[in-house]
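> my questions concern the predicted model and sequence given below.
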Amino acid sequence: MRTRLGSILIIIGLLALTTQIAYSQTDSTLFYRVKGKIVDRNTGDPVPSASIFIAGSSVGTVANMDGEFFLKIRTKYMNDSVVISSMGYESLNLRIDQFNIEQNLVQLRAIVIPLEEVTIVNQDARYLVAEAIGKIRNNYSVQPMMVTSFYRESVRKGKKYLLVSEAVLEGYKASYASIFDKDRVSIMIARKSSDFKNRDTVILKLQGGPLTMFMLDFVKEPGELIDKTAMTYYQYHLSGQTRIGNRQAYVVSFHQLPEIDVPFYKGFFFVGVEDLAFMGAEFHLHEDHMDRAAEFMVKVKPSGAKIDVDKADYVVNYRFFDGKWHLSYVRSEIIVKVNWDKKLFNSSFTIKGEMAVTNVDSTNVTRFDKKDMLRSKDIFEEQVADFEDPEFWGDYNIIRPEESIQSAIERMGRNSLQSSPPSPGYDR
């Protein structure tokens, strides 16, 4: 069985890293910087992973897990507004001139769905999912697109960050109507910070990296979630309704049948009430079969070590604009424990990857050559080297680092690399 996360490589010792030449070109006068924090209006708690986009466009970013965001807006959009939305909250539409340059506190109001709106829904949940699959051609682009996205990958041992790798990616997003045309991904610019010591004899690496984030687009790659065969492995229940932005969504819970003895998934689909589109999903490997997860997810392991996967969580969100739904945000997080023979203590590692699509272009579509694309067997952090540059990202939109990640980057030296120049024709 192919897992959606790809494989984890567990390797003894430090590996040699490829070095590439880096350079950056940007004009800071061409964009306006806005940063802030998104919180719940009633509780003051951060609202993580909220979407921040320029209204009517595909340009934007995503808040980090602390609710913080940093948006770079090209001057041509200065008379437009910014839409801020998150699941279960009312959307806010703010003019760009309402933002301060330094810091903005954005308060979202939680939505309470009346009980009667939940209980009157009598549709069969499996039928609802099947209907959503049948409407994929209507709800998603049948034409290929080019997407710009920001990717971050981190490895943590306990509470200590060992590695943070980041990149702006160029992606060829294949038609949702084609099962043969596949997504292609290449690195535009990238950097990493690492803090491996000689004592760190076990290094975890995520195989596939950025490409894995595109493969988590379950509408395009149905795999073990909504493939016709895979659907026979699950039970479905209609759990109620919620609101995502200004749209109502059915919440469909699913979990693998008890007789299925290999690890599949448990979680929720969010299906649009109006158009039956998959608006997103949150899921994880089913806890009843975690004891077998390492069989499918661990590619290489050292002799004398027992590997257990304790957790594997995923989030996939889509966003509606120009009459279609588009991939917007993807996150994966896995926790692995390494137990050594004849040793009392084990080590716990957390590998996290996340990607935010910051722009979509339907006019300059190029299905770039295979030699320029990332492959499923590639190790992302091995393809980037260290390079220090405080203005590294230029006018590309990124996910603002969480406080713990930012501290780790500063401690490890703010290392960075650019693998290729920015491609022309993109609003970033």
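The structure has been received and is ready for your questions. Quantities reported herein were computed from a predicted structural model and do not represent experimental measurements.

> output the lowest mean pLDDT helix or strand found in this protein.
Least confident helix or strand of the chain, by mean pLDDT, DSSP states H and E, is helix 115-119 with a mean of 46.

> now the next helix-or-strand element following it: mean pLDDT?
Sequence-wise, the next helix or strand downstream of helix 115-119 (DSSP states H and E) is helix 125-134. Over the span of helix 125-134, the pLDDT mean works out to 94.

> check contacts around D288.
P258 (CB atoms under 8 Å, 6 or more residues apart in numbering). To be clear about C-beta, it is placed using only N, CA and C from the backbone, and glycine gets the same treatment.

> again, only this time at 6 Å
By CB atoms under 6 Å, 6 or more residues apart in numbering, the contact list for D288 is empty.

> helix, strand, or coil at it?
helix (DSSP: H, G, I helix; E, B strand; the rest coil).

> and the helix or strand where K37 lies, what other elements does it pack with?
Using DSSP H and E, K37 falls within strand 31-40. Counting contacts by 3 or more CB pairs under 6 Å, 6 or more residues apart in numbering; DSSP states H and E, strand 31-40 packs against strand 68-74, strand 105-108.

> which of these has the lowest mean pLDDT?
strand 68-74 (a mean of 87).

> so what does that one touch, helix or strand wise?
Packing contacts for strand 68-74, counted by 3+ CB pairs under 6 Å, 6+ apart, involve strand 31-40.

> that older thread, export the strand holding K37 to CSV, keeping only CA atoms.
Output in CSV follows, covering the C-alpha atoms of strand 31-40 (Å, rounded to 0.1, in the frame of the first residue of the first chain):
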residue,chain,number,x,y,z
PHE,A,31,5.2,45.5,-2.8
TYR,A,32,3.6,46.5,0.5
ARG,A,33,4.2,44.4,3.6
VAL,A,34,1.4,43.6,6.1
LYS,A,35,1.9,41.5,9.2
GLY,A,36,-0.5,40.6,12.0
LYS,A,37,-2.1,38.0,14.2
ILE,A,38,-5.5,36.4,13.8
VAL,A,39,-7.4,35.6,17.0
ASP,A,40,-10.8,34.4,18.2
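
> tell me the strands beside the helix or strand following it, with direction?
Using DSSP H and E, the helix or strand that follows strand 31-40 in sequence is strand 51-54. The strands beside strand 51-54 in its sheet (DSSP bridges) come out as strand 60-62 (antiparallel), strand 81-85 (antiparallel).

> okay, now the closest residue to T350 other than its chain neighbours: neighbour count?
Computed as CB to CB, 6 or more residues apart in numbering, the closest residue to T350 that is not its neighbour in sequence is R156, at 4.4 Å. R156 is flanked by 20 other residues according to other CB atoms under 10 Å.

> distance of R156 relative to H284?
Computed as CB to CB, to the nearest Å, the R156 to H284 distance reads 18 Å.

> next: L257.
Distance from L257 to H284, by CB to CB: 17 Å.

> next one: Q103
Counting by CB to CB, the gap from Q103 to H284 is 34 Å.

> for I73, same thing?
For I73 relative to H284 (CB to CB), the value is 35 Å.

> so between the two, which is more surrounded?
Legend: neighbour count by other CB under 10 Å for I73 and H284, higher for I73 (22 against 18).

> which residues does the more buried one form beta bridges with?
Applying DSSP bridges, one finds that I73 bridges with Y32.

> K35 is in contact with that one, correct?
No. If you go by CB atoms under 6 Å, I73 and K35 don't touch, sitting 11.4 Å apart.

> what touches both of those two?
Common neighbours of I73 and K35 (CB under 6 Å, 6+ apart) do not exist.

> which pLDDT value goes with the residue sitting nearest the centre point of the chain?
The C-alpha lying nearest the average C-alpha coordinate of the chain belongs to V330 (CA atoms, centre = their mean; 2.1 Å). We have a pLDDT of 93 for V330.

> buried sites along the strand or helix carrying it?
In the assignment (DSSP H and E), V330 maps to strand 324-340. Neighbour counts over strand 324-340 (16 or more other CB atoms under 10 Å) mark 324-336, 338 as buried.

> coming back round to it: make JSON lines out of the helices and strands packed on strand 31-40 and add distance to D308.
As requested, those are arranged in JSON lines below (distance: least, CB to CB, whole Å):
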{"stretch": "strand 68-74", "distance to D308": "33"}
{"stretch": "strand 105-108", "distance to D308": "38"}
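
> got any ranges where the stretch 1-150 of the chain has weak pLDDT?
Within the stretch 1-150 of the chain, the ranges that satisfy pLDDT under 70 run 1-6, 8-29, 112-123.

> ok so D217 is a helix residue?
No. Going by three-state DSSP, the assignment for D217 is coil, not a helix.
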